[in-house]
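1. I would like the atomic coordinates for the input below:
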Amino acid sequence: MLRVRASLTAAALLAAGALGAGPVAAHEDHIHEVPVAGCYSLTDPKGDAHVDNVPQAPNDPDLDILGVVLRTTPAGLQAYVKVADLQGGPMAADGHRFFVDFTFNGHVFSMEASHYKYGTGVLRDALAATGKAAKTTQLTVDGESVTDPTADRGFKASGLKATFDATADFVLMELPYADIGKYGGRAFAGTITNVAASAAIDEYALSSIADTTGEGRAWTIGDNRCFTVATKLALSVTKYPARRTVTAKLTTASGQVLAGRSLTYYVNGKRTAVVRTASNGTASVRNIKPGSTVRVEFAAVSGYLGSSAQKKV
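-> Numbering: from 1, shown residues only. Below you'll find the model as predicted:
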């Protein structure tokens, strides 16, 4: 899908001094929580990011979408766009732009965000002041034809946020429920349709699409399976002459410790204690009689599967 945003020329803005001199550091906030590796709501082949969808053009890894993960949080909708090698910008230009589109309650939403190696996003934001170009981070709802100068482009004020994380190779977009309800006409529930994502070279008023995935797909709101992480419990026993101390350690399946989580201890089948894990993922119960059977359980919570372990002490 080609996105055109026609307005003032970049040359005119440069002449007017709208663009500061020299490069600036790339905006690369680190995303601390990412989906389970390889789990996607939408998938896309690697190596198919060709500018203007010309197969003969070289693949641009900075624009090469591998998958998209949608997620609901207490605050809003999140879309994680996984890129083969997210850099400061594409090979052929300063800026790159990503789109995540969906239809909800008959309204077409487009979450859009750009990033630039040399800080030239000021050009796009200056163009946006005309009302004919989208901002660097922009929500569009029910936008009309860009070829008609009188048409409503559908640009909406919103709390949409975007993070470009070159460390994890993700672009994260976050749209508050309040905005979806406001422009969608009802509370965000059920299913969204026509889910798609695109990556493009950003040329301030024109986005040249290189990769698109998922057009026509549906997604059930609240399907957060890609953020449900398996856990495991390991038990160790410290022996004293007349008692035992049993220590449980809670980690993810990959070994990351989980602090501040409640573990339930059962001794010989009887619930004995509920203890929260410390910063190292451990929780202990003392004064257990020798020969007892101890079972420890971690109940599933949002984002984590439950687990258990048992040991005769």
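2. For beta bridges, what are the partners of the nearest residue in space to A283 that is not next to it in sequence?
-> In this structure, A283 finds its nearest non-sequential neighbour in V275, 3.9 Å apart by C-beta to C-beta, 6 or more residues apart in numbering. (Each C-beta comes from the backbone N, C-alpha and C, glycine too.) With DSSP bridges as the criterion, V275 is bridged to L263.
3. from now on call the first residue 21
-> From this message on, residue numbering opens at 21, which makes the last subject V295.
4. Output the below-cut-off pLDDT ranges for the stretch 21-170 of the chain.
-> By pLDDT under 70, the low-scoring segments of the stretch 21-170 of the chain are 21-50, 52, 72-76, 165-169.
5. all strands in it, in order from the N-terminus.
-> Applying DSSP state E, counting those that start in this stretch to the stretch 21-170 of the chain gives strands spanning 23-24, 62-63, 85-92, 96-103, 115-124, 127-136, 157-161.
6. May I see those strands arranged in CSV, with distance to G205 and mean neighbour count as well?
-> Putting the strands of the stretch 21-170 of the chain into CSV (distance: least, C-beta to C-beta, whole Å; neighbours: other C-beta atoms under 10 Å) gives the following:
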stretch, distance to G205, mean neighbour count
strand 23-24, 24, 16
strand 62-63, 25, 18
strand 85-92, 18, 23
strand 96-103, 16, 24
strand 115-124, 9, 24
strand 127-136, 7, 23
strand 157-161, 10, 22
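7. Enumerate every residue touching the residue nearest to A303.
-> V295 is in contact with S282, L283, Y285, A303, S304, V305, counting by C-beta atoms under 8 Å, 6 or more residues apart in numbering.
8. Would you mind measuring from it to G204?
-> Remark: distance between V295 and G204 (C-beta to C-beta, to the nearest Å) = 44 Å.
9. one step back: how close does the residue nearest to A303 get to P310?
-> V295 is 20 Å from P310, by C-beta to C-beta.
10. Give me the phi and psi for the closest residue to G115 other than its chain neighbours.
-> Spatial nearest neighbour of G115, excluding adjacent residues (C-beta to C-beta, 6+ apart): D222 at 3.5 Å. Note on D222: backbone dihedrals following degrees, to the nearest 10 are phi -100, psi 120.
11. From the structure, what's the count of residues near D222?
-> When neighbours are counted by other C-beta atoms under 10 Å, D222 registers 29.
12. can you check the one 10 residues further on too?
-> T232 has 20 neighbouring residues, counting by other C-beta under 10 Å.
13. With the flanking residues excluded, which residue is spatially nearest to it?
-> The nearest residue in space to T232 (C-beta to C-beta, 6+ apart) is S218, at 4.5 Å.
14. What residues are bridge-paired with the one you found?
-> Taking DSSP bridges as the rule, S218 bridges to F119, T232.
15. Contact partners for it?
-> Applying C-beta under 8 Å, 6+ apart, we find S218 in contact with M21, R23, I85, F118, F119, D121, I229, D231, T232, T233.
16. one more time with 10 Å
-> Listed by C-beta atoms under 10 Å, 6 or more residues apart in numbering, the contact set of S218 reads 21-23, 83, 85, 101, 117-121, 130, 132, 227, 229-235.
17. again, but for G58
-> Residues in contact with G58 (C-beta under 10 Å, 6+ apart) are L86, G87, K102, C246.
18. Just put these in a markdown table and tack on distance to G210.
-> Output for the contacts of G58, formatted as a markdown table (distance: C-beta to C-beta, whole Å):
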| residue | distance to G210 |
| --- | --- |
| L86 | 28 |
| G87 | 23 |
| K102 | 26 |
| C246 | 19 |
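19. Show me the helices in this structure, by range?
-> Ranges of helices within the chain are 30-35, 141-148, 197-204, based on DSSP state H.
20. of all those, which lies closest to A95?
-> Nearest to A95 among the helices of the chain is helix 197-204; the distance by C-beta to C-beta comes to 7.0 Å.
21. follow-up on the earlier one: now the residue nearest to A303: how far from L270?
-> Counting by C-beta to C-beta - V295 and L270 are separated by 11 Å.
22. Could you pull out the residues contacting both of these two?
-> Here V295 and L270 share the contacting residues R281, S282, L283, T302, A303, V316, scored by C-beta under 10 Å, 6+ apart.
23. The nearest residue to R237 once chain neighbours are set aside: what's it in contact with?
-> The spatially closest residue to R237, leaving aside those adjacent along the chain, is V215, at 4.6 Å (C-beta to C-beta, 6+ apart). Neighbouring residues of V215 by C-beta under 10 Å, 6+ apart: 61-62, 88, 90, 99, 120-123, 233-239.
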